[in-house]
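S.K.: need a structure here:
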Amino acid sequence: MWGNISPGECSVLYRLVATSPTDLVIKTDRRGHIVHATPASASLGMAFAGDPVGRHLLELVHHSYTDIVLAEHCLALAGSTGSGWIEILSVGQDGAEQWMEMKLGGVPEGDGVLGILRSTEDRRALENRLFVAAMTDPLTNLTNRNAFVRMLGHLVETSSPGHLALFDLDHFRTINLRHGHSGGDRVLIAFARLLRSLLRADDILSRIDGGTFGVLLPDSSENQARDACERVVAAMGEMDVAAHRGHRLTASAGLAPFADSADATLRAAELALLSAKAHGRARVERARYA
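M.R.: Residues are numbered from 1 along each chain as shown. The predicted model follows:
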């Protein structure tokens, strides 16, 4: 049997499910045993197959969340709104785990609790896709400046050894003027592929602005970092990209070891890059700290 709920309980239920009418709704007694549940438990793959009446609420929940759910249940019985939506790990019929949200509220007369559960898997997947999109350059599929600055900050804050390299495509504005932005885009994509092919899998590659790329080289000595940069600069001069007819493609690079702060590291690499540009381009310059 699925049980019946009173008009007063319906009022509480409405407040809980007004925005999500397809979610799993349950009613428990004071001890936490389920006395009513909508059929959504089957479609959500919850632990109960068929009628769950008589089972305990905690049978829906991974053992690591038992204390949290019990506390929320007690608050609901006492008439408190509790913590609102809480995220829990649930266990399905096949033993698989999935993330869900739960909200509990007391019913009139204090003789039980009404709850609503809904899966967060779709929302989590969407949030992950949005996060990736927010941290990715859509043209080259490298990480963008925002992600680059965050990762540099993390490496510096954790006192990780390594180097930062800034690469800039020489005369990139001229490439765009001569061949249009589509031609410039092809050069950017080709350079991103070049970086991937020549650098280590653990190196972090980003397009940070226009024709400028940042590379984080963790756990690299000065010689290793410089050798890597010189390989890229040399290979760039040998690239054959359809967009560059009549124009030699080159890149300059500025190299700096991780300093006391992300800003100091980035500034040192920028100054080294300016020095490479000033000394003829298509070369690597190392930062000179005062």
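
S.K.: which residues are contacting the helix or strand harbouring residue 223?
M.R.: Element membership for residue 223 (DSSP states H and E) is helix 222-236. Identification of contacts with helix 222-236 by CB atoms under 8 Å, 6 or more residues apart in numbering yields 162-163, 165, 167, 191, 194-195, 198-200, 203, 217, 220, 249-253, 255, 257, 282-284, 286. Every C-beta, even on glycine, is put in place using the N, C-alpha and C of the backbone.

S.K.: select only the buried ones of these in PyMOL?
M.R.: The following PyMOL line selects those of the contacts of helix 222-236 that are buried, judged by 16 or more other CB atoms under 10 Å:
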select buried, resi 162+163+165+167+191+194+195+199+203+217+220+249+250+251+252+253+255+257+282+283+284+286
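
S.K.: picking that back up, and the average pLDDT for the helix holding residue 223 is what?
M.R.: Helix 222-236 carries an average pLDDT of 96.

S.K.: can you pull out the helices in the stretch 101-250 of the chain?
M.R.: Using DSSP state H, counting those that start in this stretch, the helices assigned to the stretch 101-250 of the chain run over residues 121-134, 145-157, 172-198, 222-236.

S.K.: pick out the shakiest of those helices, pLDDT-wise.
M.R.: Of all the helices of the stretch 101-250 of the chain, helix 121-134 carries the lowest average pLDDT, namely a mean of 73.

S.K.: I'd like the distance from that helix to the chain centre, please.
M.R.: Centroid separation for helix 121-134 versus its chain: 7 Å, with CA atoms, centre = their mean, to the nearest Å.

S.K.: swap in stretch 87-104?
M.R.: 22 Å.

S.K.: is residue 36 bridged to anything, and to what?
M.R.: On the basis of DSSP bridges, residue 36 is bridged to residue 27.

S.K.: of the contacts of helix 222-236, which belong to strands?
M.R.: In strands, defined here by DSSP state E, the members of the contacts of helix 222-236 are 162-163, 165, 167, 217, 251-253, 255, 257, 284, 286.

S.K.: tabulate those residues (JSON lines), appending distance to residue 236 and pLDDT.
M.R.: Output for the ones in strands among the contacts of helix 222-236, formatted as JSON lines (distance: CB to CB, whole Å; pLDDT from 0 to 100):
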{"residue": "162", "distance to residue 236": "22", "pLDDT": "96"}
{"residue": "163", "distance to residue 236": "19", "pLDDT": "97"}
{"residue": "165", "distance to residue 236": "13", "pLDDT": "98"}
{"residue": "167", "distance to residue 236": "8", "pLDDT": "98"}
{"residue": "217", "distance to residue 236": "17", "pLDDT": "97"}
{"residue": "251", "distance to residue 236": "4", "pLDDT": "95"}
{"residue": "252", "distance to residue 236": "9", "pLDDT": "97"}
{"residue": "253", "distance to residue 236": "10", "pLDDT": "97"}
{"residue": "255", "distance to residue 236": "15", "pLDDT": "98"}
{"residue": "257", "distance to residue 236": "23", "pLDDT": "97"}
{"residue": "284", "distance to residue 236": "11", "pLDDT": "97"}
{"residue": "286", "distance to residue 236": "18", "pLDDT": "96"}
